[in-house]
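Peer 1: model the structure of this input:
(2 chains)
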Number of protein chains: 2
Amino acid sequence: MTEKLWRKNLINIEPYVAGEQPKNENIIKLNANENPYPPSAGVQEVLRKKDIFDLKKYPSADAVPLKAALAERYGLAPENVFCGNGSDDVLATAFRAFFNSDKPIFYPDITYSFYPVWCELLKIPYETKPVDGNFLINVKDFYPENGGVVIPNPNAPTAIGVGKDFIIDLLEHNRDVIVIIDEAYVDFGRYSCVELIKEYDNLIVTQTFSKSRSLAGMRIGMAFAQPELISYMHAVKDSYNSYPLDQLAIETGIASLNDEKYFRDTVEKIKATRDRSAKAFREMGFKVTDSETNFLFVSHPDIPAEEIFTYTREKGIFIRYFKKPVIDKWLRITIGTDEQMDKLIAAVKECIESR
Amino acid sequence: MTEKLWRKNLINIEPYVAGEQPKNENIIKLNANENPYPPSAGVQEVLRKKDIFDLKKYPSADAVPLKAALAERYGLAPENVFCGNGSDDVLATAFRAFFNSDKPIFYPDITYSFYPVWCELLKIPYETKPVDGNFLINVKDFYPENGGVVIPNPNAPTAIGVGKDFIIDLLEHNRDVIVIIDEAYVDFGRYSCVELIKEYDNLIVTQTFSKSRSLAGMRIGMAFAQPELISYMHAVKDSYNSYPLDQLAIETGIASLNDEKYFRDTVEKIKATRDRSAKAFREMGFKVTDSETNFLFVSHPDIPAEEIFTYTREKGIFIRYFKKPVIDKWLRITIGTDEQMDKLIAAVKECIESR
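Peer 2: Residues are numbered from 1 along each chain as shown, chains lettered A, B, ... in the order given. Below you'll find the predicted structure:
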């Protein structure tokens, strides 16, 4: 076999092996932090009424109508808003736009697993800051000079959130770099810092329609910041892919924003189920972090996490187990419907009693 | 005013100023190479029947059902197919995956204007090869050692295509680098080289649903190649944004593929209108390249292109004028319906007669 010389120009990256997607419809899927409820009925209306004649045209390159709707909902100007193909696209765009220092960016060691992936791809130096034994982030770790900061609030997979004081402290000690607060789960939490973009011109806040708005299937994410930072995100987007949101993503996103009551009701329902489920897990002897998200992070003092994961899996309930240092004693459990959580709790109880 | 130190880490990129999008619905829009006909009626059916309950779930990360449908339509295996958020996303992914040499990549000097933009963003060295006085690409220009090759076939904005002999010649002289053939317009042309991926393991062919399939609004692009190259594109995608196609992009794309007759009829209709329009422009004294696309590239020997552009614009018909060296005597005109083209031809005739 002759050597393939073209291989020498391939990107040096590990080909990714995709995670398991259960094909069986009866599986209870509590492993991807998806919402158990459908999106607003307004979304169905959009699809029913859509005239496909429009689809021959390109979408609005900057998702202008969705930016306008978001600006209105959040009390901002459209110039404060950037929209992308899910918050991963938004975050990757922000990393590229803002993290161009020789100094390392800082983020917590236990956090969203995509941050190091973007840093590798975009050749951004980084340094992780260890959370403490209770998974708390120490704001003082983020004081030293750096090339930028990313903090998810609430954090994943720990489910733990921080309040306004923490964010202000972080921002006051990081005036000379861009600070990204990744608020993917914030609608289930206590404090969103979107209000602070007016005061801090180096703050970017990212959010998503995939969790609290039940639109993971439509890939809609957004960032909020002062217009100068937003303009840089647009410049990066337009140098890569000008039209990341298709017409139906823009239109279903708007329909979701227009139904504030349904949104709030769904979020409240999930929070109630979450708090009830947390109590049940504590009663079964689990440690459970104080979740400000749509998932629980739990650990049993005696039973290995992997054993519970395998047991519930055999019962047709998928939860998330991370075979990684520090968190390999823990499980991440997405909040489903009350009925789904009851089934999970019963299965976990069985697992404990069967030992 | 204190200096903003965070500015020093911003990406060094020119903030993009978006092109004009006419808001008036009565405008005849022949400036974006969109299809004048709607997509297949099957697309409407998909939207009517879609159960929004599914939208709470993430889409298939690799657009598996769409890859399967494309593989079947093109007589390939799903492992030969990559899907992305429009062919811009697909091309950007390919540039990153395959153009990692210190040697420059080669592409024609008159071509799709996004190639240099990706090269700048991704720091890929490049060298352009001048087309001749008739806008023809000289294959011998692509023989010297290089870091990769991109050729659009047919080319834009020239509308000129090449045949199998050219592509084979190009590939035979470029066995040690990746060769991308960008077939955005190929369904209106004479030769697609997708068949050659079986023989050439260094060939990538990209296509789109935005032109011949009337789905610009849904952002669907694809690449065909041998499985090893496709696996590298997946690795890059998964390091950037795992879910670029939403559920409805996947499903409307499949509906379009399932209606082969409508697709062929639409393409034939556009080709007939194109050939008739080319004849009319030649009769008015224009030079017109032999178009293998859904647009014409025309130049009048006496009347400045910008003058015609401005005249028809005032009549509510938008065509494309490039204020750039070499091509600033030319106009790019998307093929509309027969009625739209008749209006354009009448306006151009008026412009000529009014001088």
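Peer 1: tell me, what residue is most central in chain A?
Peer 2: residue A:184 (3.7 Å; C-alpha atoms, centre = their mean).
Peer 1: what's the spacing between it and chain B?
Peer 2: Counting by C-beta to the nearest C-beta, to the nearest Å, the separation of residue A:184 from chain B is 13 Å. To be clear about C-beta, it is placed using only N, CA and C from the backbone, and glycine gets the same treatment.
Peer 1: so what pLDDT did that residue get?
Peer 2: Note on residue A:184: pLDDT of 98.
Peer 1: is it in a helix, a strand, or coil?
Peer 2: coil (DSSP: H, G, I helix; E, B strand; the rest coil).
Peer 1: show me what contacts it?
Peer 2: Applying C-beta atoms under 8 Å, 6 or more residues apart in numbering or on different chains to residue A:184 gives the contacts A:87, A:112, A:152, A:156, A:206-208, A:210-211.
Peer 1: what segments of chain A are helices?
Peer 2: With DSSP state H as the criterion, chain A has helices at A:41-49, A:64-74, A:86-98, A:114-122, A:164-172, A:227-238, A:247-257, A:260-283, A:305-314, A:338-353.
Peer 1: using a markdown table, lay out these together with mean pLDDT, distance to residue B:178 and mean neighbour count.
Peer 2: Shown next, in a markdown table, are the helices of chain A (pLDDT from 0 to 100; distance: least, C-beta to C-beta, whole Å; neighbours: other C-beta atoms under 10 Å in any protein chain shown):
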| stretch | mean pLDDT | distance to residue B:178 | mean neighbour count |
| --- | --- | --- | --- |
| helix A:41-49 | 98 | 39 | 17 |
| helix A:64-74 | 98 | 36 | 18 |
| helix A:86-98 | 97 | 23 | 26 |
| helix A:114-122 | 95 | 19 | 18 |
| helix A:164-172 | 98 | 44 | 16 |
| helix A:227-238 | 96 | 25 | 20 |
| helix A:247-257 | 98 | 31 | 24 |
| helix A:260-283 | 98 | 46 | 16 |
| helix A:305-314 | 97 | 41 | 17 |
| helix A:338-353 | 98 | 47 | 17 |
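Peer 1: JSON lines for the ones you listed, including distance to chain B?
Peer 2: Below are these laid out as JSON lines (distance: least, C-beta to the nearest C-beta, whole Å):
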{"stretch": "helix A:41-49", "distance to chain B": "5"}
{"stretch": "helix A:64-74", "distance to chain B": "9"}
{"stretch": "helix A:86-98", "distance to chain B": "5"}
{"stretch": "helix A:114-122", "distance to chain B": "4"}
{"stretch": "helix A:164-172", "distance to chain B": "11"}
{"stretch": "helix A:227-238", "distance to chain B": "4"}
{"stretch": "helix A:247-257", "distance to chain B": "4"}
{"stretch": "helix A:260-283", "distance to chain B": "10"}
{"stretch": "helix A:305-314", "distance to chain B": "18"}
{"stretch": "helix A:338-353", "distance to chain B": "13"}
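Peer 1: possible to save these as JSON lines with distance to residue A:190?
Peer 2: Shown next, in JSON lines, are the helices of chain A (distance: least, C-beta to C-beta, whole Å):
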{"stretch": "helix A:41-49", "distance to residue A:190": "28"}
{"stretch": "helix A:64-74", "distance to residue A:190": "17"}
{"stretch": "helix A:86-98", "distance to residue A:190": "20"}
{"stretch": "helix A:114-122", "distance to residue A:190": "23"}
{"stretch": "helix A:164-172", "distance to residue A:190": "9"}
{"stretch": "helix A:227-238", "distance to residue A:190": "25"}
{"stretch": "helix A:247-257", "distance to residue A:190": "22"}
{"stretch": "helix A:260-283", "distance to residue A:190": "11"}
{"stretch": "helix A:305-314", "distance to residue A:190": "27"}
{"stretch": "helix A:338-353", "distance to residue A:190": "22"}
